[in-house]
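Peer 1: Give the three-dimensional model of this entry:
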Amino acid sequence: MSSTPPEPATDADPPVIDLPIPPPGTMGPPVYYPRLRRECPLAEVRLPMGVTAWYATRYEDVRDLVADPRLIRPTINDWPPRPDRAAPDESGLTTMMELNGPPHAALRRALAEPFSVRSIRSRLPAIREAADRLLDEFAAGDRPGDLVKGFLERFPLLVMCELVGIPYEDRDYFLPKADAALGALVTLEEGRKVTSQLREYITALLEHKRREPADDVVTGLVHACERGALDTERVVNFGLSMLIAGYRTSTMFLADSALALLTEPGQYARLRDHRDLMPGAVEELLRYVPMMNGTVVLQAVEEIELHGRTIHAGDAVLPVHAAANRDERVFADGDRLDLCRADNPHLTFGRGAHNCIGAHLARAQMTVCLEALFDRFPNLHIPEGRHPTWDDASPAKAPLTLPVSW
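Peer 2: Just a heads-up that it's a prediction; the model follows:
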């Protein structure tokens, strides 16, 4: 899809524009972010599925919208709305992001400890062991190797499976279904079939954990159900969250971060040789990587006025984290990767009731991933004449392949 830049704001409403997407063969961001922030901070965009949505690009707007209780996240099965669609069904593909109120609060309370800073720190040796094991296998392969397929996809998936209690060996079964649901690349009928299969898989996993408990998050949630602190449907919601988004966004961030360090002159070597920069560098990479290009869809439940325009109940709203994280009003020279950036209030993990519960895990994964790469492959590079490949139709951009040698 082409991206049509908006016309400057006038007394009349600006025209509807195509969903901005990054230039082909790049992670982006789309070139129109600065102009949108300046002239049309709340734009109406056409989405690929034939509906329109409000596209917010300024930092303060995105910050406020993602925490606004007047906006909810519709389920994958319930959006985009269709006249012939039945009322929302909780037995559909509902993840943690679509839960609200007491059910959401109860689930987050049950997950607070296993996803806490203390708990994630205690798992760092196991996370590093997983990285080293996968890099041993990758190093034994041919050169150049594909860092995405060989390591960056497998690593966060393995970490998530071991923490949560989802069998890694089942990945060939659940990954295609989870990716189809995440990408909305299915018809309604196929979507319902995928939903049913994923729910059946999680339900069977819960029964297995009741019979054979283990030291993992799912077992802990099963015990919470037995104590009456949680109901089974909430655990299914959590399981679906992990299958659909619990690792894929990490894969994308890791791939884009590795690419940025390898293509920005001197950055890979600088961080390799100055590990004291790592905490700030991780935050800067989370800010800089423009992966979340309008992929978070919210829906208004009541009217909202913003920048002289009216968001009506039922309208879709896309708070664009990638645009907010480059906003020149907040981030000096925001389009530059600055591993020493000190003031970095990025919005990558959201805020409010639905801020990312896996933020500590994501930071740990990126830190361990980079440290393991620096230790194992100090001279990692993209060979001359080789280039990453991309899905240029996707608004969430990360390389499909990343050829490297060492």
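
Peer 1: pretty sure residue 383 is touching residue 406, no?
Peer 2: No - assessed by Cβ atoms under 8 Å, residue 383 is found out of contact with residue 406, at 10.0 Å. (Each C-beta comes from the backbone N, C-alpha and C, glycine too.)

Peer 1: ends of stretch 373-389, how far apart?
Peer 2: 21 Å (Cα to Cα, to the nearest Å).

Peer 1: Any chance of the backbone angles for residue 317?
Peer 2: phi -130, psi 130 (degrees, to the nearest 10).

Peer 1: Among residue 383 and residue 406, which residue is more densely surrounded?
Peer 2: Taking other Cβ atoms under 10 Å, residue 383 and residue 406 do not tie; residue 406 has more neighbours (15 against 11).

Peer 1: excluding its backbone neighbours, what's nearest that one?
Peer 2: The shortest distance from residue 406 to any non-neighbouring residue, by Cβ to Cβ, 6 or more residues apart in numbering, is to residue 377 (4.1 Å).

Peer 1: Next, count neighbours for that neighbour.
Peer 2: Residues lying near residue 377 (other Cβ under 10 Å) number 20.

Peer 1: can you pull the contacts of it?
Peer 2: For residue 377, the contact set (Cβ atoms under 8 Å, 6 or more residues apart in numbering) comprises 135, 139, 404, 406.

Peer 1: Next, the contact list for the closest residue to residue 135 other than its chain neighbours, please.
Peer 2: Spatial nearest neighbour of residue 135, chain neighbours left out: residue 376 (4.9 Å); criterion: Cβ to Cβ, 6+ apart. Applying Cβ under 8 Å, 6+ apart to residue 376 gives the contacts 132, 135, 139.

Peer 1: now those residues: which count as buried?
Peer 2: Among the contacts of residue 376, those scoring as buried are residue 135 (criterion: 16 or more other Cβ atoms under 10 Å).

Peer 1: Among the contacts of residue 376, which ones are in helices?
Peer 2: If you go by DSSP state H, these have 132, 135, 139 in helices.

Peer 1: tell me which of the residues you listed is nearest to residue 30?
Peer 2: Nearest to residue 30 among these is residue 135, at 33.6 Å by Cβ to Cβ.

Peer 1: Please report the distance of that closest one from residue 267.
Peer 2: The spacing between residue 135 and residue 267, counted by Cβ to Cβ, to the nearest Å, is 20 Å.

Peer 1: Check residue 330 too.
Peer 2: With distances taken as Cβ to Cβ, residue 330 is found 22 Å from residue 267.

Peer 1: Tell me where the chain is predicted with low confidence.
Peer 2: The chain contains residues with pLDDT under 70 at 1-12, 76-92, 182-192, 294.

Peer 1: now the strands: where do they sit in it?
Peer 2: Counting by DSSP state E, one finds strands in the chain at the ranges 17-18, 42-46, 52-56, 71-72, 145-146, 298-300, 304-306, 309-311, 316-319, 403-404.

Peer 1: Would you tell me which of these gets closest to residue 110?
Peer 2: strand 71-72 (21.4 Å).

Peer 1: Which elements pack onto the closest one?
Peer 2: strand 298-300 (3 or more Cβ pairs under 8 Å, 6 or more residues apart in numbering; DSSP states H and E).

Peer 1: could you pull out the helices for the stretch 101-250 of the chain?
Peer 2: 101-111, 117-122, 124-139, 147, 154-164, 171-183, 188-211, 217-226, 232-244, 248-263 (DSSP state H, counting those that start in this stretch).

Peer 1: Select, out of those, the one closest to residue 302.
Peer 2: Among the helices of the stretch 101-250 of the chain, helix 101-111 sits nearest to residue 302 (Cβ to Cβ), with 15.8 Å.
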